[in-house]
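[1] build me a model:
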Amino acid sequence: MERYSDDGEPAGAAGLPILGQLKSKKLTYCACVVVRYFGGTKLGKGGMIKAYKEAARKTVKSARLIKKEICLEYCIKCKYTQHNTILQLIKRNDIDIILSRIEHDCFFRIKCPIKLVDMLEAKCKELNVDFGQDLLPNQ
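    The predicted model follows:
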């Protein structure tokens, strides 16, 4: 989902040029805010587009960009006899364990990259293990 605002500037003169700069660098899950103070010279719509675009370009160019993988929290519930199999599956795929509880039934709350969710869900189904976002009982 993407959104932009011209916040009182002429339609398409502010938000769209800024958004265009973010999209041109393939940036996602980010925001760019440009504040413009009126200095007495009217730029016109074309001049405003150029000014906003250039401000966003320079900001993106000088920013320290951080790549983050999108992850979701899931729970895995298995029998105690399956604990090691599930633990190996989690570790083999470099999935972070947020919480684990080992009892008669074992629970793992994990932080799973979205690119691995389908694979993990299929593997859990194959092993007849519960997998979902709301399996861990309240503590």
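
[2] where's Ile66, which helix or strand?
    According to DSSP states H and E, Ile66 maps onto no helix or strand at all.

[3] can you show me the helices along the chain?
    15-24, 44-62, 83-92, 114-126 (DSSP state H).

[4] find the centremost residue of the protein, please.
    By Cα atoms, centre = their mean, the chain has its centre lying nearest to Ile70, at 4.0 Å.

[5] tell me the contacts of that one?
    29, 113-114 (Cβ atoms under 8 Å, 6 or more residues apart in numbering). Quick note: C-beta positions are derived from backbone N, CA and C, even for glycine.

[6] pLDDT below threshold where in this protein?
    Scanning the chain for pLDDT under 70 picks out 136-139.

[7] burial of Arg92, as a residue count?
    Look at Arg92: counted by other Cβ atoms under 10 Å, it has 8 neighbours.

[8] distance of it from Asn84?
    Applying Cβ to Cβ, to the nearest Å, the value for Arg92 to Asn84 is 12 Å.
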